[in-house]
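*Asks:* model the following, please.
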Amino acid sequence: MDEPRDDVNDIQEAWLRERPGTPVGSIGVITRIWRIGKLLDDDRRRTMARLGMDTATRDLLSTLRRAGTPYALPANEIARQCAVTPGAISQRVRRAETQGLVTRRKSDDDGRGVVVELTDAGHELIERTVDDLLRHEETLLTALSQEQRDTLSDLLRTLLGDLNLRRGPSQQPW
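*Replies:* Predicted structure coming up:
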């Protein structure tokens, strides 16, 4: 039986035809990961719009909800967990605070840092949307068996860890 093909195979073959000896193995992995990432990002944006929330707000509220009671974290820790800059978190927090989803207060530790806390409205919104989102995303993986999902997850963890190491200590890891 022939292996399944897609247009990524065509891209690899075209490079080999035009530039014999060019290393094209990475195309099969990186191009597919990039395309899958784009498809999943587009799908998540549509899903979140259907649920009445933008992706950035969901990321913020989810991070606080996963922190457990009292659903509060320092802003710099939120930035680290969300893999975005402190400036981006500041904008997200400001927008969510305006919507009544979070509050900000000075850190009890030194009074300089900011702690962000989920409000009752923010807690209710994330509770209402997280199951819908995750159930939907489970349907996106139905082409893979549980064993394939586990293997893919392990392989992606290895690749992500290595890529983070290559970024160096001065850059924010994901």
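
*Asks:* which helix or strand contains Ala49?
*Replies:* Assigned by DSSP states H and E, Ala49 falls within helix 32-51.

*Asks:* report the buried residues of that helix.
*Replies:* Neighbour counts using 16 or more other Cβ atoms under 10 Å place Arg44, Thr47, Met48, Leu51 of helix 32-51 among the buried residues. For every residue, glycine as well, the C-beta is placed using N, CA and C.

*Asks:* which non-adjacent residue is nearest the last one?
*Replies:* So the one you mean is Leu51. The shortest distance from Leu51 to any residue that is not its chain neighbour, by Cβ to Cβ, 6 or more residues apart in numbering, is 4.5 Å, and that residue is Thr129.

*Asks:* and for the second one?
*Replies:* Leaving aside its sequence neighbours, Thr47 sits nearest to His136 (Cβ to Cβ, 6+ apart; 5.5 Å).

*Asks:* please enumerate residues in contact with the strand or helix carrying that neighbour?
*Replies:* Remark: His136 resides in helix 120-139, with elements defined by DSSP H and E. With Cβ atoms under 8 Å, 6 or more residues apart in numbering as the contact definition, helix 120-139 has outside contacts at 44, 47-48, 51-53, 58, 61-62, 64-65, 71, 96, 99-102, 118.

*Asks:* buried ones among those?
*Replies:* Buried residues within the contacts of helix 120-139, defined by neighbour count using 16+ other Cβ under 10 Å: 44, 47-48, 51, 53, 58, 61-62, 64-65, 71, 96, 101-102, 118.

*Asks:* from these, which land in strands?
*Replies:* Secondary structure assignment (DSSP state E) places Val102, Leu118 from those within strands.

*Asks:* please report how far the residue nearest to Thr47 lies from Thr57.
*Replies:* In this structure, His136 lies at 17 Å from Thr57, with Cβ to Cβ, to the nearest Å as the measure.

*Asks:* so who does the nearest residue to Thr85 once chain neighbours are set aside touch?
*Replies:* Nearest in space to Thr85, with sequence neighbours left out and distances taken as Cβ to Cβ, 6+ apart, is Ala79 at 6.4 Å. Taking Cβ under 8 Å, 6+ apart as the criterion, Ala79 is in contact with Thr85, Pro86, Ala88, Ile89, Gln172.
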